[in-house]
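K.L.:
test case, fold it:
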Amino acid sequence: MDNRTGEMEVFVAAADLKSFSAAGRRLKLSPSAVSKLVTRIEDRLGTRLLVRSTRTITLTPEGEVYLDRARRILAEITETEQIVSGGGRMLPRGLLRVNASVGFGERYLLPLIPSFLEIYPDVQLDVSLTDGIIGLIEERTDIAIRSGALDDSSLKARKLLESRRVVVASPAYLNSKGVPKTPQDLVNHNCFSFNFRRNLNEWPFRDPGSAEIHRLPISGNTAVNSGMIIRRLCLAGTGLGRVGQFHVQPDIDAGRLVPVLEEYNPGDIETIHAVFAGHEHLAARIRAFIDFLVQHVAKNEVLEPIS
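P.N.:
Below you'll find the predicted structure:
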């Protein structure tokens, strides 16, 4: 009898544990039985999936593809059984890997986790915060929270938030260095920049008279890879930063930061999406988490301009 799902379970265990012996212990099989089942898959496919060594095993590129698809198939089988046993309801459960930017993670994601897990106690969250762009498939991530344009058309996305960008500084810095009245005044100020490869270290400003947008080169003594780092530098009173308003709105409300050059703000928007690999049967845990984020984050889709 053809038992390809059983073979997939063995392959996934071997790939996860990087050991035939460890996979055998998990599945109550001998290491030789695990090796034979993996070899059977490779013979049927006509390609090498794992590279064996005396210490470990590693995936080939074909093995990476097979592992990703095998995980999906096994997850769908599990969810099908859950639907039937749950009277037709799909019950969110299992491991959910989420990646988000540091700013969004600290402001929205981390505070919402306890409420989500209270509603869905059978979901296990694996959360990573980074401002670098990751590959969902390569990093085995279910959901990535990303800002800016979406380049990969194979992915699906739900909009979570839209936020203006704003130039801010602390009252202490402005008292010490003066408040810039026009964008040209920034030549006398320490302006924090991003060190992303695509970043041009220019800030856009709108001419109040002509409404034309001009990009002004800025300079400063610090370049970083995170809006939240710029926020902290501004709070420390060492310069000005231009970030998404959602990063700093609580600080503005509390008077810890002050928006400047609002008359010249071009009104450009930073859009944040929940991005995921789309397929016909989206895992219940993925759908539940995205719906939860939309419900709690997207209530104020555009933060209002500061008066």
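
K.L.:
neighbours around N221, how many?
P.N.:
11 (other CB atoms under 10 Å). (Each C-beta comes from the backbone N, C-alpha and C, glycine too.)

K.L.:
I'd assumed C191 was in contact with it.
P.N.:
No - counting by CB atoms under 8 Å, N221 stays clear of C191, with 9.4 Å between them.

K.L.:
between these two, which contacts overlap?
P.N.:
G239 (CB atoms under 8 Å, 6 or more residues apart in numbering).

K.L.:
pull the longest helix from this structure.
P.N.:
Ranked by residue count and defined by DSSP state H, the top helix of the chain is helix 61-85.

K.L.:
quick one: distance of it to the chain centre.
P.N.:
22 Å (CA atoms, centre = their mean, to the nearest Å).

K.L.:
now do it: which elements does it pack against?
P.N.:
Packed against helix 61-85, as judged by 3 or more CB pairs under 8 Å, 6 or more residues apart in numbering; DSSP states H and E, are the following elements: helix 4-17, helix 31-45.

K.L.:
quick one: residues contacting L125.
P.N.:
96, 98, 113, 116-117.

K.L.:
how does the protein divide into domains?
P.N.:
Here the domain parsing of the chain from automatic domain parsing is 4-85, 94-155+280-295, 163-269.

K.L.:
where does the stretch 201-307 of the chain dip in pLDDT?
P.N.:
278-281, 298-307 (pLDDT under 70).

K.L.:
what ranges do the strands span in it?
P.N.:
202-206, 213-217, 223-224, 241-244, 258-260, 269-277 (DSSP state E, counting those that start in this stretch).

K.L.:
in JSON lines, list those along with distance to E9 and mean neighbour count.
P.N.:
Formatted as JSON lines, the strands of the stretch 201-307 of the chain follow (distance: least, CB to CB, whole Å; neighbours: other CB atoms under 10 Å):
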{"stretch": "strand 202-206", "distance to E9": "53", "mean neighbour count": "18"}
{"stretch": "strand 213-217", "distance to E9": "55", "mean neighbour count": "13"}
{"stretch": "strand 223-224", "distance to E9": "44", "mean neighbour count": "16"}
{"stretch": "strand 241-244", "distance to E9": "43", "mean neighbour count": "25"}
{"stretch": "strand 258-260", "distance to E9": "56", "mean neighbour count": "19"}
{"stretch": "strand 269-277", "distance to E9": "21", "mean neighbour count": "20"}
